[in-house]
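no FASTA, just this:
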């Protein structure tokens with residue numbers, strides 16, 4: 001997850017946009033640069049890392065306790081790209097309850113794993129494979145996914 005973080009007028013993280021979209025927002029004056037990359041510019045604008053909207057945008061679906069949609073990249077961000085079994089850097093999705101046994105792609109059934117641990121576990125549960133999880137899978141917040149996804 002890269003791009004420019006967009007904050008609401010009240011400083012709540014909203015989403016990420018591409019650099020081109022960020023520059024368009026600056027040009028239309030709907031956002032201001034809250035944090036810039038030191039010493040770099042994009043035309044007349046400092047190279048933005050974080051933008052803040054000039055006007056507040058009410059996000060009803062978030063304030064009602066909505067849950068972020070599961071994505072592979074979101075799961076990797078949630079777990080800090082660390083293997084849930086050994087703690088080394090991980091880049092694969094492991095299903096705690098294997099898909100071959102009815103497990104689904106969901107926040108509570110997937111963890112990040114390194115290739116070695118993922119191959120070792122195969123289509124077994126962690127208990128059957130004799131592998132303990134270092135943390136329990138959980139549902140992240142929208143803010144956690146946006147801010148950590150730099």
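Perfect, I can see it now. The shown structure was predicted, so the numbers you read here are calculated from the model rather than taken from an experiment. Numbers count the residues shown, from 1 in each chain.

Phi, psi for the closest residue to residue 120 other than its chain neighbours please.
In space, and not counting its chain neighbours, residue 120 is closest to residue 129: 6.6 Å by Cβ to Cβ, 6 or more residues apart in numbering. C-beta coordinates here come from the backbone N, C-alpha and C atoms, glycine included. Summarising the backbone geometry of residue 129 under the convention degrees, to the nearest 10, its torsions are phi -90, psi -10.

ditto for residue 72
Geometry field for residue 72 lists phi and psi as phi -60, psi -50, criterion degrees, to the nearest 10.

same check, this time on the one 4 residues further on
With angles defined as degrees, to the nearest 10, residue 76 sits at phi -60, psi -40.

mind checking how far it is from residue 110?
Taking Cβ to Cβ, to the nearest Å as the measure, residue 76 falls 10 Å from residue 110.

any weak-confidence spans in the protein?
For the chain, the stretches flagged by pLDDT under 70 are 1, 60-65, 148-150.

Please give the number of neighbouring residues around the residue lying closest to residue 92 once chain neighbours are set aside.
Using Cβ to Cβ, 6+ apart and skipping residues adjacent in sequence, the residue nearest residue 92 is residue 118, 4.8 Å away. When neighbours are counted by other Cβ atoms under 10 Å, residue 118 registers 20.

so what's residue 38 up against?
Shown in contact with residue 38 (Cβ atoms under 8 Å, 6 or more residues apart in numbering): no residues.

Helix or strand for it, just tell me which one.
Assignment of secondary structure by DSSP states H and E places residue 38 within strand 31-42.

Please identify the buried residues of that strand?
Judged by neighbour count using 16 or more other Cβ atoms under 10 Å, the buried positions of strand 31-42 are 31, 33-34, 36.

Sheet-wise, list the partners of it with their directions.
According to DSSP bridges, strand 31-42 has the following sheet partners: strand 45-53 (antiparallel).

Residues contacting the partner strand, please?
The contact list for strand 45-53, computed with Cβ under 8 Å, 6+ apart, reads 4-9, 11, 14, 17, 19, 22-23, 25-27, 30-37, 40-42.

at 7 Å instead, please
Contacts of strand 45-53 with the rest of the structure, by Cβ atoms under 7 Å, 6 or more residues apart in numbering, involve 4-9, 11, 22-23, 25-26, 30-37, 40-41.
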